[in-house]
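J.: Predicted coordinates and the sequence they were generated for:
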Amino acid sequence: QQQVKQSPQSLIVQKGGISIINCAYENTAFDYFPWYQQFPGKGPALLIAIRPDVSEKKEGRFTISFNKSAKQFSLHIMDSQPGDSATYFCAASAQGAQKLVFGQGTRLTINP
Amino acid sequence: DGGITQSPKYLFRKEGQNVTLSCEQNLNHDAMYWYRQDPGQGLRLIYYSQIVNDFQKGDIAEGYSVSREKKESFPLTVTSAQKNPTAFYLCASSMSRADETQYFGPGTRLLVL
């Protein structure tokens, strides 16, 4: 019940296209859902995060869509660029749990 | 220049040897975390600490030990009991136990000779 399942494991998108990465969870106590971006050999960096009181959050070309009833959330990258090529992790935490549970990661490649 | 530093960037361990990975932060954060990253498995929590002189086991603590004697430092020791230590180790911190936003260091890659 503590797992966060992320798909796909890898994704190739053409420059200018939309990249979509999906995550699903079981624990209904989760109330914070961040996405992290990681470049090779570097630590992950927080990209965008959402709480269950909203269904969508947008920051620039990055959007999180959240479906509370389906217990799913997804990251959409609009107008994908080669510089977006990285590994993306979704995560979740429950209030008071003091720790994040991470998905398995998605390696995104944007072809020029 | 605030942030989290990890050293060394690469570390080599011989069989039966204990090695210590350093993590320092100057963000004045109370909470610190250690994760292990293996290909295709995401980040798995080894240990975390919410305050000085206190820490808790994460999901994969066996073969590892930590200390938290200072707020800014949270070193991780990989002991000889950890039979498969080759991985990328990431340290993170957050402002407090109530703050879920974690900030990561650049990582240390541990290799076994």
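T.: Thanks, I have it. Small disclaimer: the values here were computed from a predicted structure and weren't measured.

J.: ok, residue B:42 touching residue A:103?
T.: Yes. Using C-beta atoms under 8 Å, residue B:42 is in contact with residue A:103, at 5.8 Å. Quick note: C-beta positions are derived from backbone N, CA and C, even for glycine.

J.: Who has more neighbours out of these two?
T.: residue A:103 (24 against 21; other C-beta atoms under 10 Å in any protein chain shown).

J.: neighbours around the residue in chain B positioned nearest to chain A, how many?
T.: The minimum distance from chain B to chain A, using C-beta to the nearest C-beta, falls at residue B:104 (3.5 Å). Residue B:104: 22 surrounding residues under other C-beta under 10 Å.

J.: Skipping adjacent residues, who's closest to it in space?
T.: Using C-beta to C-beta, 6 or more residues apart in numbering or on different chains and skipping residues adjacent in sequence, the residue nearest residue B:104 is residue A:43, 3.5 Å away.

J.: who are the neighbours in contact with that neighbour?
T.: By C-beta atoms under 8 Å, 6 or more residues apart in numbering or on different chains, residue A:43 lies in contact with B:4, B:6, B:90, B:92, B:104-107.

J.: and the two most separated of these?
T.: B:92 and B:106 (11.3 Å; C-beta to C-beta).

J.: Does chain B have contacts with stretch A:83-92?
T.: Yes. Judged by C-beta under 8 Å from any C-beta of the partner chain, stretch A:83-92 comes into contact with chain B through residue A:89.

J.: Identify each buried residue in that stretch, please.
T.: Neighbour counts using 16 or more other C-beta atoms under 10 Å in any protein chain shown place A:84-92 of stretch A:83-92 among the buried residues.

J.: what does stretch A:72-84 give?
T.: A:73-77, A:80, A:84.

J.: Figure out how far that stretch is from the centre of its chain.
T.: In terms of C-alpha atoms, centre = their mean, to the nearest Å, the centre of stretch A:72-84 is found 9 Å from the chain centre.

J.: Endpoint to endpoint, it covers what distance?
T.: End-to-end distance for stretch A:72-84, by C-alpha to C-alpha, to the nearest Å: 23 Å.

J.: In stretch B:60-71, which residues are buried?
T.: Across stretch B:60-71, burial judged by 16+ other C-beta under 10 Å covers B:61, B:64-66, B:68, B:71.

J.: distance between the ends of that stretch?
T.: Length of stretch B:60-71, first residue to last, C-alpha to C-alpha: 23 Å.

J.: quick one, what contacts residue A:7?
T.: Residue A:7 touches A:21-23, A:106, counting by C-beta under 8 Å, 6+ apart.

J.: quick one: it and residue A:106, what's the gap?
T.: Remark: distance between residue A:7 and residue A:106 (C-beta to C-beta, to the nearest Å) = 7 Å.

J.: Common neighbours of the two, please.
T.: Residues touching both residue A:7 and residue A:106 (C-beta under 8 Å, 6+ apart) are residue A:21.

J.: neighbours of residue A:66, just the number please.
T.: As a burial measure, residue A:66 scores 19 neighbours (other C-beta under 10 Å).

J.: State the helix or strand in which it lies.
T.: Take DSSP states H and E as the rule and residue A:66 turns out to sit in strand A:62-67.

J.: CA atoms of that strand as CSV?
T.: C-alpha atoms of strand A:62-67 as CSV (Å, rounded to 0.1, in the frame of the first residue of the first chain):
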residue,chain,number,x,y,z
PHE,A,62,5.0,21.5,-16.9
THR,A,63,1.5,20.4,-15.7
ILE,A,64,0.4,17.9,-13.1
SER,A,65,-3.0,16.4,-13.5
PHE,A,66,-4.5,14.7,-10.4
ASN,A,67,-7.4,12.3,-10.3
